[in-house]
Structures are given as C-alpha cells and as structure tokens.
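Engineer: Predicted structure and sequence below. I'll ask about it afterward.
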Amino acid sequence: MSKIPLQFRHNGRDVAIFVDGGTNLLVALRELIGDMTPKFGCGQGGCGTCSVLIDGELHLSCLTLAETVAGRAVETLDGMKQGPNLHPLQRAFADNFAAQCGYCTPGMLMAAKALLDRNPSPSRDEVIEAISGNICRCTGYEPIINAILAAAGGRVSA
C-alpha cells in the first residue's frame with residue numbers, strides 16, 4: 001500500500017508526514033510525530049484519553065483518520081503550555097489534586113480547554129457534561145470538576 005502525504009499544523013507548527021491509508025490520528029501523533037501526550041486507552045472511542053482539539057473542536061484521535069486533518073490545526077496537551085509555563089488549566093489541575101495516576105489527564109485537560117474556549121464561565125453541570133466522554137478511575141471526578149471551575153474563575157485563554 002502506498003503512503004499518503006499529510007500536512008497539518010501540530011501545536012502551532014507545520015508538519016508533513018506520510019501515513020498509510022487507514023492510520024488513525026493517535027498513531028500518527030505518537031509514532032510519526034513523537035507527541036506522546038495523547039494516550040492510547042480503549043481504542044474504541046469510549047474512554048477519552050486520546051482527546052485532541054482539531055480546529056478548536058474536541059475529537060477522539062483513536063477514531064479520527066489521520067488524513068482527515070490535512071490542512072487543519074491539531075492541538076494536544078503538549079501544545080497547551082507556553083515554554084516552561086503551565087497553562088492555567090494545568091496549574092488548576094495541580095493545585096486541586098485533579099490528577100492521581102495521570103492517565104486520563106491529557107484527555108480531561110483537552111476536554112476542559114475545549115469547554116472553556118467556547119464558554120469561559122461554565123456551570124458545574126456544563127463542566128460535568130463537557131468531561132462526560134472521559135473516564136477517570138482514580139479521582140472520583142470531584143477534584144477534576146473543581147479544577148476546571150477554578151481555572152474558569154481565573155479566565156483561561158488559548
């Protein structure tokens with residue numbers, strides 16, 4: 001099978017790679033670009049740990065064909081921080097003990113960023129809805145919800 005050329009914007013920089021037809025975005029990000037922040041969880045779109053933003057919208061990278069992001073902007077957890085400075089959501093997660101094992105954290109942070117980018121002052125119910133596609137087995141969700149609400153109080157921007 002021949003390789004498909006693919007160009008897109010990854011965390012603010014242009015990238016060009018070759019993918020096999022049918023390669024999902026998660027594999028392209030991790031194995032071809034080296035961005036290990038989206039995690040492999042279920043591989044079926046049920047856990048949310050592979051969540052990324054594509055043109056600002058939340059997507060499950062395990063279910064997204066890599067070739068569909070041609071010419072688009074893909075943002076992962078690695079793109080949230082600015083140099084050594086944590087994004088306000090990352091700081092809020094740390095301050096509110098919202099990460100225990102940390103496996104769900106990249107997907108949770110991307111879901112939270114998508115929410116706060118479109119709704120800077122969400123209600124608790126809106127936060128719960130926004131992270132409903134992400135599974136966490138450690139925290140019981142309360143610290144995550146509190147962290148997102150705390151970040152919203154400080155107005156999170158891109």
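Structural biologist: Here it is on my side, so go on.
Engineer: Show me which positions of the top helix by length along the chain end up buried.
Structural biologist: The residue-count maximum for a helix in the chain (DSSP state H) belongs to helix 105-118. Neighbour-count burial for helix 105-118 flags 105, 106, 107, 108, 109, 110, 111, 112, 113, 114, 115, 116 (criterion: 16 or more other C-beta atoms under 10 Å). The way it works is simple: take the backbone N, C-alpha and C, and place the C-beta from them, glycine included.
Engineer: and the fourth one, what is it in contact with?
Structural biologist: By that I understand residue 108. 48, 93, 98, 131, 134, 136, 144 (C-beta atoms under 8 Å, 6 or more residues apart in numbering).
Engineer: Which parts of this structure belong to which domain?
Structural biologist: 4-77, 88-152 (automatic domain parsing).
Engineer: gap between the two ends of the shortest one?
Structural biologist: Between the opening and closing residues of domain 88-152 we find a distance of 9 Å, counting by C-alpha to C-alpha, to the nearest Å.
Engineer: tell me the average confidence for that domain?
Structural biologist: For domain 88-152, mean pLDDT is 95.
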